[in-house]
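1. The sequence isn't on hand, but the structure is:
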């Protein structure tokens with residue numbers, strides 16, 4: 001299977017900067033899309049940004065112009081650079097990835113859609 005581990009969350013003042021990282025590991029055959037989602041207290045999980053295997057990006061309107069998603073394809077890592085942070089950006093941020101992995105002991109592959117455990121981002125006013 002494929003495991004995702006996030007890092008980089010923390011407490012920052014409004015207007016500050018944070019950079020989240022997420023590393024995918026396991027018997028990865030290919031990763032198609034990676035992304036960041038967030039869930040604030042009492043709210044549903046929502047898209048923040050995604051990036052495809054060919055570099056196409058998509059952002060939620062609420063983060064456009066402030067957040068930048070990028071990938072290091074060689075390291076199976078996705079980043080989220082967050083600038084001009086606002087208190088309403090406070091949430092648990094989850095990394096996601098979809099692609100295919102090699103089934104152990106075989107030469108076959110299967111699709112995966114994995115999530116990380118989440119990292120807390122808190123923006124104080």
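-> Nice, I can see it. Note that the coordinates shown come from a computational prediction; the quantities given were computed from them, not determined experimentally. Numbering: from 1, shown residues only.

2. mind checking how far residue 82 is from residue 65?
-> Using C-beta to C-beta, to the nearest Å, residue 82 is found at 12 Å from residue 65. Where you see a C-beta, it was placed from the backbone N, CA and C, and this is true even at glycine.

3. more neighbours, these two?
-> Comparing residue 82 with residue 65 by other C-beta atoms under 10 Å, the one with more neighbours is residue 82, at 27 against 9.

4. is it true that the more buried one touches residue 119?
-> No - counting by C-beta atoms under 8 Å, residue 82 stays clear of residue 119, with 11.6 Å between them.

5. Identify the contacts common to these two.
-> Contact criterion C-beta atoms under 8 Å, 6 or more residues apart in numbering; residues shared by residue 82 and residue 119: residue 20.

6. avg pLDDT for stretch 65-72?
-> Mean pLDDT, stretch 65-72: 98.

7. That stretch: how far from the chain's middle?
-> Distance of stretch 65-72 from the chain centroid (C-alpha atoms, centre = their mean, to the nearest Å) equals 10 Å.

8. same thing with stretch 117-125?
-> In terms of C-alpha atoms, centre = their mean, the gap separating the centre of stretch 117-125 from the centre of its chain is 13 Å.

9. contacting residues around it?
-> Stretch 117-125 is contacted from outside by 5-14, 16, 18, 20, 38-39, 82, 85-94, using C-beta under 8 Å, 6+ apart.

10. So for it, what gets flagged as buried?
-> Buried positions in stretch 117-125, judged by neighbour count with 16 or more other C-beta atoms under 10 Å: 118-119, 121, 123.

11. Is it possible to get TSV of those that adds distance to residue 107?
-> Output for the buried residues of stretch 117-125, formatted as TSV (distance: C-beta to C-beta, whole Å):
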residue	distance to residue 107
118	34
119	35
121	41
123	47
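
12. And residue 118, how far from residue 125?
-> The gap separating residue 118 from residue 125 is 23 Å, by C-beta to C-beta.

13. what do you get for residue 79?
-> To residue 125, residue 79 is 26 Å away according to C-beta to C-beta.

14. wait, is residue 11 part of a strand?
-> Yes - Residue 11 sits within a strand when classified using DSSP: H, G, I helix; E, B strand; the rest coil.
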